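**Student:** Pasting a predicted model and its sequence here:
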Amino acid sequence: MQALLSAFRERFPGEAPIVVRAPGRVNLIGEHTDYNDGYVLPIAIERDIRFACRSRADRRVRLWSVNFNTDSEFELDQIELDPANPWSNYVRGVAAMLLREGLSLRGMDAAIEGNIPVASGLSSSAAMEIAAATAFQAVSGFRLDPARMALLAQRAEHEFMGVRVGIMDQFISRLGQQGHALLIDCRTLEYRAIPIPEAEYLFVVADSRQSRELAASAYNERRAQCEAAARLFQKELPDVRALRDVTSAEFRRHSARLPLTVARRARHVVHEDERVLEAVAALENADLKRFGALMNDSHESLRFDYEVSSEALDVLVAAARQVEGCLGSRLTGAGFGGCTVSLVHQDAVDAFRRHVSAVYQAFAGKEPYIYVTRASAGAGVLA
Ligand code: ADP
Ligand code: MG
């Protein structure tokens, strides 16, 4: 924070800035459900991206990146990509979407700094977008519904970065609440904050640091299989638009008409949606043991039915479950590398670090990166 403020002062002398932040996220349960119109349950993490920002009298936007130690500038009336500074394109894209929404933006000077590891599965990109939108809002003073902001940020990523992400990351970065997970219905975009009981439990993210080369093609294949499954269920159940609409009882009754692999993919999605709702009930009943067991079930389903785990993720999960005080562990994100998330008692976090690091080191020849977090607040202005 000190580095951010002094960078701002040095680059943009004058009045003190407003500081806004937007967090990264980790999904607790509900994997590969989003594109099946289903449920997800992420938390905002304690790592974030901050903008120290001040409005300008003209329409210029001047950006300084503390992390990249470089600047980038543009005019609000002529927004183009800056190929030399891809980090600035998140700000450009968001500005373009806010303007397209009809909001009046002011120019600004902003210094930007973050501590979310990039491309590790904690969604630093969504944090960039939501932090940028929050900065423009803070200096311009327009009103914007939070869910609408998330949708505009998602659209910026689609149109400016060419990445077709779901809505979860921007939603949780904007709408997260301290001590709460966010249940999001990816079909209706209805959402509900779910209090996480027992503050002595923490979420521990372990980054496998594994390349995710297979992820993109496998992702597309899984999506196609899910769509095929939904079409086949539709022949018996005309109301089915996506796998979200199939219950586990219906799955049992009708899955025989599906090819074996497609049936296993569908079985994951159908049960994962039900697990998310059960996980919400577990939180509401203050039953973290049950919640952890559902995390474990989710991993097994992703591993054996959806087949998006990897040896490295399985090693991390197995090691995590050996730690007393760890209630559950699973891969999080699309799979094929990336991170695991585990629910761990605060007194067991040190043992967790030691054990999981040692086991993974022996397997992979490198230690995992480990991040410990509670559910943090979504984006906002810092006092
Ligand atoms: P992730 O999985 O973390 O979202 P992406 O590749 O989607 O990975 O987005 C990462 C990009 O977001 C970075 O390459 C950079 O352009 C931008 N970014 C992330 N953190 C920062 C930061 N602190 N400052 C500026 N840009 C950032
Ligand atoms: Mg991203």
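**Tutor:** Received the coordinates, thanks. Residues are numbered from 1 along each chain as shown. Ligands and ions are numbered 1, 2, ... in the order given.
**Student:** can you give me the strands for the stretch 251-383 of the chain?
**Tutor:** Using DSSP state E, counting those that start in this stretch, the strands assigned to the stretch 251-383 of the chain run over residues 326-332, 339-345, 369-373, 380-381.
**Student:** Ligand 1 is nearest to which of the ones you listed?
**Tutor:** strand 339-345 (10.0 Å; Cβ to the nearest ligand atom). Placement of C-beta: from N, CA and C, glycine included.
**Student:** Tell me which residue in this protein sits closest to ligand 1.
**Tutor:** Gly114 (2.7 Å).
**Student:** Dump the strands of the stretch 251-383 of the chain to CSV, plus mean neighbour count and mean pLDDT.
**Tutor:** Output for those, formatted as CSV (neighbours: other Cβ atoms under 10 Å; pLDDT from 0 to 100):
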stretch, mean neighbour count, mean pLDDT
strand 326-332, 27, 98
strand 339-345, 26, 98
strand 369-373, 18, 98
strand 380-381, 14, 98
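**Student:** Show me the one of the ones you listed that comes nearest Ile167.
**Tutor:** strand 326-332 (16.8 Å; Cβ to Cβ).
**Student:** quick revisit: now the residue of the chain closest to ligand 1, nearest residue through space, not along the chain?
**Tutor:** Ile49 (3.4 Å; Cβ to Cβ, 6 or more residues apart in numbering).
**Student:** pretty sure the residue of the chain closest to ligand 1 is touching Phe51, no?
**Tutor:** No. Using Cβ atoms under 8 Å, Gly114 is not in contact with Phe51; the gap is 9.5 Å.
**Student:** Neighbour count: these two, which is higher?
**Tutor:** Phe51 (28 against 24; other Cβ atoms under 10 Å).
**Student:** and that one, what helix or strand is that in?
**Tutor:** strand 39-55 (DSSP states H and E).
**Student:** Distance of the residue lying closest to Asp273 once chain neighbours are set aside relative to Ala266?
**Tutor:** Among residues not flanking Asp273 along the chain, Gly38 sits closest, at 4.3 Å (Cβ to Cβ, 6+ apart). For Gly38, the distance to Ala266 (Cβ to Cβ, to the nearest Å) stands at 12 Å.
**Student:** Need the residues touching each of those two.
**Tutor:** Both Gly38 and Ala266 are in contact with Leu243, where contact means Cβ atoms under 8 Å, 6 or more residues apart in numbering.
**Student:** okay, now the closest residue to Arg264 other than its chain neighbours: neighbour count?
**Tutor:** Nearest residue to Arg264, sequence neighbours excluded (Cβ to Cβ, 6+ apart): Asp305, at 4.4 Å. Asp305 has 18 neighbours, counted by other Cβ under 10 Å.
**Student:** Once you drop chain neighbours, what's closest to Glu311?
**Tutor:** Closest to Glu311 by Cβ to Cβ, 6+ apart is Phe363, at 7.7 Å.
**Student:** Surely the one you found is in contact with Val315?
**Tutor:** Yes. Contact status for Phe363 versus Val315: in contact at 4.7 Å, counting by Cβ under 8 Å.
**Student:** ok, which residues in the stretch 1-150 of the chain are in contact with ligand 1?
**Tutor:** For the stretch 1-150 of the chain, the residues in contact with ligand 1 (Cβ under 6 Å from any ligand atom) are 49, 65, 67, 86-87, 112, 114, 116, 118-125, 128.
**Student:** now with 8 Å?
**Tutor:** 24, 49, 65-68, 86-90, 112-128 (Cβ under 8 Å from any ligand atom).
**Student:** Output the lowest mean pLDDT helix or strand found in this protein.
**Tutor:** Of all helical and strand segments in the chain, the minimum by mean pLDDT, DSSP states H and E falls on helix 215-236, at a mean of 94.
**Student:** What helices and strands are in contact with that helix?
**Tutor:** helix 248-254, helix 260-284 (3 or more Cβ pairs under 8 Å, 6 or more residues apart in numbering; DSSP states H and E).
**Student:** Nearest to Gly292, out of those?
**Tutor:** Ranked by Cβ to Cβ, the member of the helices and strands packed on helix 215-236 that lies closest to Gly292 is helix 260-284, at 8.8 Å.
**Student:** Would you map the helices across the stretch 51-200 of the chain?
**Tutor:** Assigned by DSSP state H, counting those that start in this stretch, the helices in the stretch 51-200 of the chain fall at 86-100, 124-140, 146-161, 168-175.
**Student:** Save those as a markdown table, and put in mean pLDDT, mean neighbour count and distance to Ile79 too.
**Tutor:** Shown next, in a markdown table, are those (pLDDT from 0 to 100; neighbours: other Cβ atoms under 10 Å; distance: least, Cβ to Cβ, whole Å):
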| stretch | mean pLDDT | mean neighbour count | distance to Ile79 |
| --- | --- | --- | --- |
| helix 86-100 | 98 | 22 | 5 |
| helix 124-140 | 98 | 28 | 12 |
| helix 146-161 | 96 | 21 | 9 |
| helix 168-175 | 98 | 28 | 19 |
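**Student:** I'd assumed Leu4 was in contact with the residue nearest to Gly114.
**Tutor:** No. Ile49 is not in contact with Leu4 according to Cβ under 8 Å; the separation is 10.2 Å.
**Student:** overlap in contacts of those two?
**Tutor:** Taking Cβ under 8 Å, 6+ apart as the contact rule, Ile49 and Leu4 both touch 112-113.
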